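>>> coords please:
(chains A and B)
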Amino acid sequence: GNSVTQMEGPVTLSEEAFLTINCTYTATGYPSLFWYVQYPGEGLQLLLKATKADDKGSNKGFEATYRKETTSFHLEKGSVQVSDSAVYFCALSQGGSEKLVFGKGTKLTVNP
Amino acid sequence: EPEVTQTPSHQVTQMGQEVILRCVPISNHLYFYWYRQILGQKVEFLVSFYNNEISEKSEIFDDQFSVERPDGSNFTLKIRSTKLEDSAMYFCASSPRTGGTDTQYFGPGTRLTVL
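Numbers count the residues shown, from 1 in each chain, chains lettered A, B, ... in the order given. This next block holds a predicted model:
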């Protein structure tokens, strides 16, 4: 079945450091790919998405490119801020199914 | 900006009791979902609901669970006889169209604690 694998956390960075959170997926066909973020004490918020190969999703300085050849959707940000501290979830959905399939989540802590 | 709301934010119950978790999806959305997140684990899909019936459910969603849209705004998840392992954060979500390519918007969650 479909699955998502994320790099294990936690990740701790200093402010203004470069961030990469790796995400790879297993799916038949062409899934849509998402990054959701969960701030402390809050629910899941969509950060960005891409619906076809080579699409780049971007939001709030975060980017991720849908790479079909490597089945990846890595999240990047050039300069993180303390306010980016949260748990980041990679997810996919596939036509014919209603559900989102999530990775385990990666906790990011950014120190001043 | 419209948002999904959930009540209560925290529910504590005794094992074997029935609980109902409530959600108000975004008003023009047609698809509704429940997910759960056991502490420290993945967010897991439970069920999707469209046109007043279940459109998909996971193996977790057994006979102890049911969903209902009792009126034009609420969407509920009922657990008939709670178990300790039902303790989790339960998230409601909605989307305007089928979730294959469309965004699902999540509520803040209800933390269920079963004692």
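
>>> going forward, measure contacts and count neighbours with C-alpha atoms only.
Fine.

>>> Show me how far stretch A:99-112 is from its chain's centre.
Stretch A:99-112 has its C-alpha centroid displaced from the chain centroid by 7 Å (CA atoms, centre = their mean, to the nearest Å).

>>> gap between the two ends of it?
Its first and final residues considered, stretch A:99-112 spans 37 Å by CA to CA, to the nearest Å.

>>> If you count neighbours, what's buried in it?
Applying a neighbour-count criterion of 16 or more other CA atoms under 10 Å in any protein chain shown, one finds A:Lys99, A:Leu100, A:Val101, A:Phe102, A:Gly103, A:Lys104, A:Gly105, A:Thr106, A:Lys107, A:Leu108, A:Thr109, A:Val110 buried in stretch A:99-112.

>>> For these, give me a markdown table that also has secondary structure.
Compiled in a markdown table, those are given as follows (DSSP: H, G, I helix; E, B strand; the rest coil):
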| residue | secondary structure |
| --- | --- |
| A:Lys99 | coil |
| A:Leu100 | coil |
| A:Val101 | strand |
| A:Phe102 | strand |
| A:Gly103 | coil |
| A:Lys104 | coil |
| A:Gly105 | coil |
| A:Thr106 | strand |
| A:Lys107 | strand |
| A:Leu108 | strand |
| A:Thr109 | strand |
| A:Val110 | strand |
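
>>> so which of those are also by chain B?
The subset of the buried residues of stretch A:99-112 within reach of chain B, counting by CA under 8 Å from any CA of the partner chain, consists of A:Lys99, A:Leu100, A:Val101, A:Phe102, A:Gly103, A:Lys104, A:Gly105.

>>> Enumerate every residue touching A:Lys49.
A:Ser32, A:Leu33, A:Phe34, A:Trp35, A:Lys56, A:Gly57, A:Ser58, A:Ala64 (CA atoms under 8 Å, 6 or more residues apart in numbering or on different chains).

>>> Now do the contacts for the closest residue to chain A within chain B.
Of all residues in chain B, B:Pro108 sits closest to chain A, at 3.9 Å by CA to the nearest CA. For B:Pro108, the set of contacting residues under the criterion of CA under 8 Å, 6+ apart consists of A:Glu42, A:Gly43, A:Leu44, B:Val4, B:Thr5, B:Gln6, B:Ser9, B:Phe91.

>>> cool, and A:Tyr39?
Contacts of A:Tyr39 were listed using CA under 8 Å, 6+ apart, and they are A:Ser85, A:Ala86, A:Val87.

>>> Burial check on whatever residue of chain A ends up closest to chain B, number of neighbours?
Using CA to the nearest CA, the closest approach of chain A to chain B is made by A:Gly43 at 3.9 Å. Look at A:Gly43: counted by other CA atoms under 10 Å in any protein chain shown, it has 19 neighbours.

>>> near chain A, which residues of chain B?
B:41-45, B:47-48, B:55-56, B:91, B:98-101, B:103-109.

>>> if you look at the contacts of A:Tyr39, which of them are in helices?
With helices taken from DSSP state H, there is no overlap with the contacts of A:Tyr39.

>>> Now the residues you listed in CSV, please, with extra columns for distance to B:Val24 and pLDDT.
Written out in CSV, the entries for the contacts of A:Tyr39 read as follows (distance: CA to CA, whole Å; pLDDT from 0 to 100):
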residue, distance to B:Val24, pLDDT
A:Ser85, 28, 97
A:Ala86, 25, 96
A:Val87, 25, 94
